[in-house]
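Novice: Kindly return the folded structure for what I paste below:
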Amino acid sequence: MALPDMATTNIANANPALASLADIIEPDFTSQFALAPIYWLLIAAIVAVIGYAGWKITQRHRYWFAKRQAIKLLAQLEQHPAAAKQINQLLKRVLQHYQPAHPALSASSEQWQQWLAKQSTLTLPNLSQLLYQADSSAAEVEQFYIFARQWLTDYKANADTEQVNSATTTNTLQAIQQDKEQQHA
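Specialist: The predicted model follows:
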């Protein structure tokens, strides 16, 4: 160790400018990756947008769970002998889940059938015969099953209420008028 000290002293004596220089000390290596604040804001905004999109997708997935479950239940009902009544109940349950105050839920069978027929381009068998008579054919049940599957896959939870409302109002007015006529007679 004596040699390096002597060598430094000899070099400093030979060149006085070198003696005035201080040793260069390298800074410690930082392992952090430093970004400008604007990039941190940009990253935070991107994370927020991705988080919001994920939350909305999750909410939408949960919202349509009842519809997906109904489609699975409908597939199980395909070969069931009393499938027509259960398919009808399934359609009403889906409608009640998404629109609990929908007037078609309390409508008569004829009004329910008219409303259902308006919702799809497929033909709907006569529900009053299919649901309330024991001699319904397998072809009609199959046709109702196909209709129900199409209705469930196309259902958007914003079903038209106008036809049912007008039919219900018309029937109510007719019933009131008949009651008045009976009272006067």
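
Novice: Mind jotting down where the helices sit in the chain?
Specialist: Here the chain has its helices, by DSSP state H, at 2-14, 16-19, 37-63, 65-77, 83-98, 109-119, 127-132, 138-154, 162-184.

Novice: If I look at residue 84, what pLDDT would I see?
Specialist: On pLDDT, residue 84 comes in at 87.

Novice: Dump the helices of the chain to JSON lines, plus mean neighbour count and distance to residue 28.
Specialist: Glycine gets a C-beta too; all of them are placed from N, C-alpha and C. Formatted as JSON lines, those follow (neighbours: other Cβ atoms under 10 Å; distance: least, Cβ to Cβ, whole Å):
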{"stretch": "helix 2-14", "mean neighbour count": "10", "distance to residue 28": "24"}
{"stretch": "helix 16-19", "mean neighbour count": "10", "distance to residue 28": "26"}
{"stretch": "helix 37-63", "mean neighbour count": "10", "distance to residue 28": "23"}
{"stretch": "helix 65-77", "mean neighbour count": "14", "distance to residue 28": "55"}
{"stretch": "helix 83-98", "mean neighbour count": "18", "distance to residue 28": "63"}
{"stretch": "helix 109-119", "mean neighbour count": "18", "distance to residue 28": "72"}
{"stretch": "helix 127-132", "mean neighbour count": "16", "distance to residue 28": "82"}
{"stretch": "helix 138-154", "mean neighbour count": "16", "distance to residue 28": "64"}
{"stretch": "helix 162-184", "mean neighbour count": "12", "distance to residue 28": "75"}
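
Novice: TSV for the ones you listed, including distance to residue 27?
Specialist: TSV is the format used below for the helices of the chain (distance: least, Cβ to Cβ, whole Å):
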stretch	distance to residue 27
helix 2-14	23
helix 16-19	23
helix 37-63	22
helix 65-77	58
helix 83-98	64
helix 109-119	73
helix 127-132	83
helix 138-154	66
helix 162-184	76
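
Novice: Which one of these lies nearest to residue 30?
Specialist: Closest to residue 30 of these, according to Cβ to Cβ: helix 37-63, at 17.0 Å.

Novice: is it true that residue 70 touches residue 90?
Specialist: Yes. Between residue 70 and residue 90 a contact is recorded at 5.6 Å, counting by Cβ atoms under 8 Å.

Novice: Report the separation between the residue nearest the centre of the chain and residue 68.
Specialist: Geometric centre of the chain, nearest residue: residue 60, 2.2 Å, by Cα atoms, centre = their mean. Relative to residue 68, residue 60 is positioned 12 Å away (Cβ to Cβ, to the nearest Å).

Novice: cool, residue 148 as well?
Specialist: Residue 148 is 15 Å from residue 68, by Cβ to Cβ.
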